[in-house]
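S.K.: What follows is a predicted structure for the sequence shown.
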Amino acid sequence: MKLILTVNGEIHEVESIWEGESLMHVLRERLALPGAKNACEQGECGSCSVMLDEVLVCSCLVLARQAQERSVVTVEGLAPPDDVGVVQQAFIETGAVQCGFCTPGFIMATEDLLRRSPAPDDAEIREALAGNLCRCTGYEKILDAVRLASARLGAMG
Amino acid sequence: MSTSGTRVLPLGRIGESVLRADGRPKVRGEFAYASDLGADRMLWGATLRSPHPSARIRGIDITRALTLSGVHAVLTHADVPGRTTYGMEISDQPVLAIDRVRYEGEPVAIVAADHPETARRAIERIVVDYLPEDPLTDPERAIMPGAPRLHPGGNLLRRVTIRHGDPGATAEVVVRGEYAVGMQDQAFLGPEAALAVPAEDGGIDLHVATQWLHVDQGQVAACLGLPPSLTRLHLSGVGGAFGGREDLSMQVHVAMLALHTGRPVKMVYSREESFFGHVHRHPARMEYEHGADRDGRLVYVRARVVLDGGAYASSSTAVVANAATFACGPYDVPNAEVEAIVTYTNNPPCGAMRGFGAVQVAFGHESQMDRLAAELALDPIEIRLRNALATGMRLPTGQLVDGPAPVRELLEGLRDMPLPPDVVPVDPREFPGGVSNSTHGEGTRRGVGVAVGFKNIAFAEGFDDYSTARVRISRDDGGPLVEIHTAAAEVGQGLETVLAQIARTELSLERVRVLPADTQVGSAGSTSASRQTWMTGGAVQLACARLRERLHEAIDGPIEETAVYRHRPTQALDPDTGQGDSLVALAFAAHRAVCDVDVELGIVRAVEIATTQDVGRVMNPLALEGQIHGGIAQGLGLALMEEIQMEEGRVRNASFTDYLMPTVLDMPQVRMRISETPHPHAPYGLNGVGEMPTIASTPAIVAAVRDASGRPLTRVPLRPSDIAGV
Ligand code: FES
Ligand code: FES
């Protein structure tokens, strides 16, 4: 089948995809956007998180054809090339990135959280990130990153 | 949400919190992990694995797979061009099963096809005629008379015996205990993946996520029947390792498919497959007897440790030596008798995982110290202080501790850290069980536990352990540029950052680039055993020191130096007595856990972990803290939830749904106090740091849960039924 969807503001037409392909597979293998990571492909780790029409989803659990004529934002679309967004910068500065395989998913979840709740307390942050696994950091620096991003965005109004 | 903000550039020298150079591509989703690689005309590989833990293979019929459209190759053991087995220590593992399978998930055949789904379907069309046999799953039964022999040399992989002091020593106070540790998984998030590209010279370029390029290269070359010079390995982005990438997984398979089809081939394991695709931490059973005098001073320790090695050797022979060497804990033990064995079974192969043998026995020796403290009505910190290992003492192997051994200081530091306030939570999420609303405080009790652990740095027992670094200084429009080339694997821990810090420090030049790791430069040894900052850092320091002498030449053109760093030599352990100077260096960390426990439902909430660790010299504070947090999370996982559950040789929970790991809701606040006692044998006085946070954190958490529940709790991970006593 043929798939038409908007990714990071650009319209893409993807020819002859197999019916069973996930949105994650289309992003990674057909659109050369590897930012949605493939850590479990069963909805347990959050590393493949993207926004589908402004809703945070695990792209491994969404069939590509469910994204037909819809709009997707991936981690690659958060900032122009050669730049990083506030959340991304906070992850770098606080040491929240080690191997980094979980990082795009955490960044998408943080973007989603701060959009809904710009000044979350720790319990709220933990709840919002509870669907994302990280095996390297023990989460402490990821919490620091979210707090820093929230403070900076707050200061920017 | 995009704005520039201030950029903190990843510049800096040792001792500074330097930001990682790969942070930017990683947060932008552009960093190329092995599973992100691609090439023109690329095919996808897939692996057929045994459904049986033990079976004879009477035949393999690939015809129906070959006829599927889109399939380019279906290969079995008969297609292995070179050596048919591999292994880091013992070459006992078939590249593809030959006439039998010895564990569930053992690779039997491989396929290359034009789409991953085609490859999966082709795998399903291969018909293997198995004759299943009863699996041998008990590591102790494996060496009893009548047990089936899994390998020609028998089922005993290695026995290490350590005899120290008087074997007949007796003591006034004696405590005994039996303990068990479940099978833990490294569960790195980036699944195993590789891309193999056939080259015009008949060789292969293999891009892979691994921990040790050169040990892979040697094994892959032998199995392909190629000279190492034609077997070029390149490190791709690595999504975590923790020991699970030390052995080969798909390296030979993907290269065979690429050479056979003449096209690039990529393989990516699914999460389920990943559980079968790498070794795990050895499950352990331990019997201990500790004898002490009335003041709580140890008179003797007797220990027996049984590790389940699983179907193939991996690094079991080294893990068991560590388990024996550290079995008595970081204490002054005048008399010791330790026997540690590891045997073959039909369970999954076990090998390296962060802590490498020291983790299992730490649960044993620390549980015993608590029993002894209880018997003598002594404080758990006090009993440890009375027996603390110190510089100038000897290990049970007879080796003199000639480096720092600040066990006393770490314990005192822990004692001085304030406890978190014991207030009844207002937020229901702070009770054990959290939002599941299982308690509002009724039936919950708080417990506190401490533990101390230690481990060696780098390789032991006479292994020729070295690292190589090539450093070059050139000049371009931006001024002098330093380039560091090594084969050392950055796996997420921040090695590249610290190597650049070392070069900046040594050369007083700011622009430093770390080149991609590959086999075009000499071996750096493994990214394991907490050794890379010491070893490859040492090699970079050496190369820079030589360049410093030649800096004046750099005006005329590029200058380059290649240096090899070796740590001091070590010795084998005597096969009968286990005596010998087998270790390079030791590192130590202590932990205190505070847990709230719902003693009726057996649910634990960790409230705080405090830790003291001596790191010799802080190279990068930010990265150091990250290692400590992450290591503690894995220690907490082993204490409370992480276990590969086996039933008759079959894995019951090969998924992130069923293999539970700590999430951000499970991790408590971590409080740390770092000390720096310079290590006399290391560059900059540094010490290894990566493994120590994972060793004593597990027994400290269990001790806290024991304190709260009053239950003996002799196996990890803890089960709710053990805690609730039902
Ligand atoms: S890869 Fe989608 S949730 Fe893990
Ligand atoms: S940084 Fe490695 S999994 Fe999170």
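M.R.: In hand now; what should we look at? Ligands and ions are numbered 1, 2, ... in the order given.
S.K.: Go ahead and report the secondary structure state at B:Arg548.
M.R.: Per DSSP: H, G, I helix; E, B strand; the rest coil, the local secondary structure of B:Arg548 is helix.
S.K.: Flag the shaky bits of chain A, pLDDT-wise.
M.R.: Along chain A, no part satisfies pLDDT under 70.
S.K.: Could I get the full set of helices for it?
M.R.: Taking DSSP state H, the helices of chain A run over residues A:23-25, A:86-94, A:103-116, A:122-128, A:140-156.
S.K.: quick one, which of those helices is nearest to ligand 2?
M.R.: In terms of CB to the nearest ligand atom, the element of these nearest to ligand 2 is helix A:103-116, at 6.1 Å. The C-beta positions use only the backbone N, C-alpha and C, and glycine is treated the same way.
S.K.: Show me what the closest one is packed against.
M.R.: Contact partners of helix A:103-116 among helices and strands, from 3 or more CB pairs under 8 Å, 6 or more residues apart in numbering or on different chains; DSSP states H and E: strand A:49-52, strand A:55-58, helix A:86-94, helix A:122-128, helix A:140-156, helix B:23-28.
S.K.: hang on, the earlier thing: of all the helices of chain A, which lies closest to ligand 1?
M.R.: Nearest to ligand 1, of all the helices of chain A, is helix A:23-25, at 6.4 Å by CB to the nearest ligand atom.
S.K.: residue of the stretch 251-400 of chain B with the smallest distance to ligand 1?
M.R.: Using CB to the nearest ligand atom, the closest approach of the stretch 251-400 of chain B to ligand 1 is made by B:Arg271 at 7.6 Å.
S.K.: Please name the residues that touch that residue.
M.R.: When contacts are counted by CB atoms under 8 Å, 6 or more residues apart in numbering or on different chains, B:Arg271 is found next to A:39-42, A:44, B:191, B:654-656.
S.K.: Up against ligand 2, what does chain A have?
M.R.: With the criterion set to CB under 6 Å from any ligand atom, chain A comes near ligand 2 through A:97-102, A:134-137.
S.K.: what's the farthest-apart pair in these?
M.R.: For the residues of chain A next to ligand 2, the maximum inter-member distance is 12.9 Å, found between A:Val97 and A:Arg135 (CB to CB).
S.K.: Who has more neighbours out of those two?
M.R.: Neighbours were counted for A:Val97 and for A:Arg135 using other CB atoms under 10 Å in any protein chain shown; A:Val97 has more, 33 against 28.
S.K.: near chain A, which residues of the stretch 551-700 of chain B show up?
M.R.: For the stretch 551-700 of chain B, the residues in contact with chain A (CB under 8 Å from any CB of the partner chain) are B:622-623, B:625-626, B:628-634, B:655-657, B:661-665, B:667, B:669-670.
S.K.: Domain map for chain A?
M.R.: Following automatic domain parsing, one finds the domains of chain A at A:3-77, A:86-156.
S.K.: Pick the most deeply packed of these.
M.R.: Scoring the domains of chain A by mean neighbour count under mean count of other CB atoms under 10 Å in any protein chain shown gives domain A:86-156 as the most buried, with a mean of 23.
S.K.: and stretch B:34-51, anywhere near chain A?
M.R.: Yes: Stretch B:34-51 lies within reach of chain A by CB under 8 Å from any CB, at B:35-36, B:38.
S.K.: Good, we can wrap up now.
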